[in-house]
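*Asks:* coords please:
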Amino acid sequence: MSQFFYIHPDNPQTRLIHQAIEIIKKGGVIVYPTDSGYALGCAIGEKAAMDRIVAIRQLPENHNFTLVCHDLSEISLYAMVSNQSYRLIKNNTPNPYTFILPATKELPRRLMTKRKTIGIRVPDNAIALALLEALGEPILSCSLMLPNTEVTESDPDEIRDYLEKRVELIIHGGYLGQQPTTVVDLTDETPVIIREGAGDLTPFN
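*Replies:* Numbers count the residues shown, from 1 in each chain. Predicted coordinates:
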């Protein structure tokens, strides 16, 4: 049975944030709010937790996971960022964008796509940022889109009905939007929009 925390969306309670971090560090899967609906997350090094997220989402073998980061200082460890890409990311974060970048050798091989890329994002959500600051490293994540749906889950009470026996923690951080992130491929000189979502396309046209 999942734990269910009510965390204030603007002023997250430190005690609950630290309890959530302990769950992540022990290999747990959590549901947490972002600026584009709710997401599933776990620690980068926890393969079993990642496999459980794959099973919940019924994801294909080569699905792109995302590293959700607290700020840009964490990105360069896991992704190679050109000066041009860095400026684009800096000017458009935190926001509901996922940026596809070439992976570094620091990234666990099981997280790399065949193209050796990784998705990186910095969310504009106080709870997510508090979790990331307390954890001290990115959270391995993907949008919480249940099988056969194309929108992110936005209602934590409904999420609880679906997943209370399949994750360790569900964070209630309010009722959110249902659009996933806008995905921008920055592996070449010209940005390519892979998926149109909650993030404005204007900066990349």
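*Asks:* show me what stretch 110-121 is in contact with.
*Replies:* 44, 47, 50, 62, 64-69, 75, 78-79, 89, 93, 97-103, 107, 138, 140, 181, 183, 187 (Cβ atoms under 8 Å, 6 or more residues apart in numbering). C-beta coordinates here come from the backbone N, C-alpha and C atoms, glycine included.
*Asks:* can you give me the offset of it from its chain's centre?
*Replies:* Distance, stretch centre to chain centre, for stretch 110-121: 13 Å (Cα atoms, centre = their mean, to the nearest Å).
*Asks:* buried ones in that stretch, by neighbour count?
*Replies:* Leu111, Met112, Thr117, Ile118, Gly119, Ile120, Arg121 (16 or more other Cβ atoms under 10 Å).
*Asks:* which residues does stretch 176-192 contact?
*Replies:* Residues contacting stretch 176-192 (Cβ under 8 Å, 6+ apart): 33-34, 36-38, 81-82, 84-85, 88-89, 96-102, 115, 117, 119, 121, 143, 145, 151-154, 193-201, 204.
*Asks:* residues of it that come out buried?
*Replies:* Applying 16+ other Cβ under 10 Å to stretch 176-192 flags Leu176, Gln178, Gln179, Pro180, Thr181, Thr182, Val183, Val184, Asp185, Leu186, Thr187, Pro191 as buried.
*Asks:* circling back: of the contacts of stretch 110-121, buried ones?
*Replies:* Going by neighbour count (16+ other Cβ under 10 Å), the contacts of stretch 110-121 have 44, 50, 64-69, 75, 78-79, 89, 93, 97-103, 107, 138, 140, 181, 183, 187 buried.
*Asks:* returning to what we had before: could you turn the buried ones of the contacts of stretch 176-192 into a PyMOL selection?
*Replies:* Selection of buried members from those for PyMOL, criterion 16+ other Cβ under 10 Å:
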select buried, resi 33+34+36+37+38+81+85+88+89+96+97+98+99+100+101+102+117+119+121+143+145+152+153+154+197+198+199+204
